[in-house]
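In: Next one to model:
(one chain, ligands or ions: 2)
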Amino acid sequence: MKPWPYPRIVAHRGGGSLAPENTLAAIRLGQSLGFRAHEFDVKLARDGTAILMHDATLDRTAGCRGRAADMTLTELSQLDAGAWHSAEFKGERIPTFEAAARLLRSKDTMAHVEIKPTPGFDAVTGARVAELTAKYWEGAEVPPVFSSFSFEALAAARAAAPEIPRGWLIDSFNDADWERLAELDCVSLHTNWKTISAARIREIRDRGYQVMLYTVNDVAKARELLAAGASGVFTDNLREFAAAFPVDI
Ligand code: G3P
Ligand code: MG
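Out: Numbering: from 1, shown residues only. Ligands and ions are numbered 1, 2, ... in the order given. Sure thing, here's the model as predicted:
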């Protein structure tokens, strides 16, 4: 099995539910609680700038109609990505991938970079995010891990930065995924904990792949999944997990 130097407990969407997802405030909050690894979602703005955002559309987290892919960074920078969460985070901005990388590296925290292309932009997003990652993490002891639900995006990331490890991300595993894992030369399989059995986790581990599970918010469930062989879990429940797994974050 290839080396896997990543923590077992990872902050989901930057800082879980404590702060607006995919913002610098979220990453800072996770770091302040002691988290050493953060998952976040990356896509492209119209001008090709890589930004952190989960949805293709801006409605839910940026209070605006339309898609991020149709706006430039200058336009996106004017939106409020924190008000939807709480008054405390009003005025928080949509971060660039570059700013997030700088923040992570400044505190030596690790990254699970989920490549989340706007539909139709799969290959271009995979290639661009991979090029930028190679640049932003140049000389880093531990590189980020890429993951994506998009085969095309991960294939493009592999072509652009083959040395950065990849995880195949799916909602539920089926036998066709063995081929995907091999074709993309993945180190890990990432899936929804609700869809996987302990036997399957073991089988995937035995065939040489790490298994990362999302989104696990219950401490007892996390313990059970880790005991079953999961390599790690993504959580939104940062405070409780930081207290329960002080050496694993
Ligand atoms: O990378 C794991 C997880 O983030 C995948 O689901 O929808 O939260 O990006 P989602
Ligand atoms: Mg994600």
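In: For ligand 1, what's the nearest residue on the protein?
Out: Residue nearest to ligand 1 within the chain: Y214 (3.8 Å; C-beta to the nearest ligand atom). Backbone N, C-alpha and C define where each C-beta goes, glycine included.
In: And for the closest residue to that residue other than its chain neighbours, the neighbour number?
Out: Distances taken as C-beta to C-beta, 6 or more residues apart in numbering place F234 nearest to Y214, at 4.2 Å, with adjacent residues excluded. By other C-beta atoms under 10 Å, the residues close to F234 number 24.
In: What distance do you get for F234 to V247?
Out: Distance, F234 to V247, by C-beta to C-beta, to the nearest Å: 18 Å.
In: thinking again about what came up before, quick one: contacts for the residue of the chain closest to ligand 1?
Out: Residues near Y214 by C-beta atoms under 8 Å, 6 or more residues apart in numbering: 12, 39, 190-193, 233-234.
In: ok, now with 7 Å
Out: 12, 190, 192-193, 234 (C-beta atoms under 7 Å, 6 or more residues apart in numbering).
In: just the buried members of those residues?
Out: Among the contacts of Y214, those classed as buried by neighbour count (16 or more other C-beta atoms under 10 Å) are 12, 190, 193, 234.
In: So what's the predicted local confidence for the first one?
Out: So that's H12. pLDDT recorded at H12 is 98.
In: So which elements touch the longest strand seen in the chain?
Out: Ranked by residue count, the top strand of the chain under DSSP state E comes out as strand 37-44. Strand 37-44 sits against strand 9-11, strand 50-52, helix 97-106, strand 110-115, helix 122-136, with contacts defined as 3 or more C-beta pairs under 7 Å, 6 or more residues apart in numbering; DSSP states H and E.
In: out of those, nearest to E163?
Out: Closest to E163 of the helices and strands packed on strand 37-44 is helix 122-136 (C-beta to C-beta; 7.7 Å).
In: Do the helix or strand that comes right after that closest one and ligand 2 come into contact?
Out: Moving toward the C-terminus from helix 122-136, the next helix or strand (DSSP states H and E) is strand 145-148. No - judged by C-beta under 5 Å from the ion, strand 145-148 and ligand 2 are separated, with a smallest distance of 7.7 Å.
In: bridging residues for S148?
Out: On DSSP bridges, the residues paired with S148 through beta bridges are W168.
In: Within range of ligand 1, give me the residues from this structure.
Out: 12, 39, 41, 54, 114, 147, 169, 190, 214, 234 (C-beta under 6 Å from any ligand atom).
In: Let me have these in TSV, extended by distance to L104.
Out: Formatted as TSV, the residues of the chain next to ligand 1 follow (distance: C-beta to C-beta, whole Å):
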residue	distance to L104
H12	15
E39	11
D41	14
H54	18
E114	14
S147	16
L169	20
H190	19
Y214	19
F234	16
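In: Tabulate the helices and strands packed on strand 37-44 in CSV, adding columns for distance to G34.
Out: Below are these laid out as CSV (distance: least, C-beta to C-beta, whole Å):
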stretch, distance to G34
strand 9-11, 10
strand 50-52, 21
helix 97-106, 14
strand 110-115, 13
helix 122-136, 23
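In: Tell me which of these sits most buried.
Out: Ranked by mean neighbour count, these are led by strand 9-11 with a mean of 28 (mean count of other C-beta atoms under 10 Å).
In: For it, what is the distance to the chain centroid?
Out: 10 Å (C-alpha atoms, centre = their mean, to the nearest Å).
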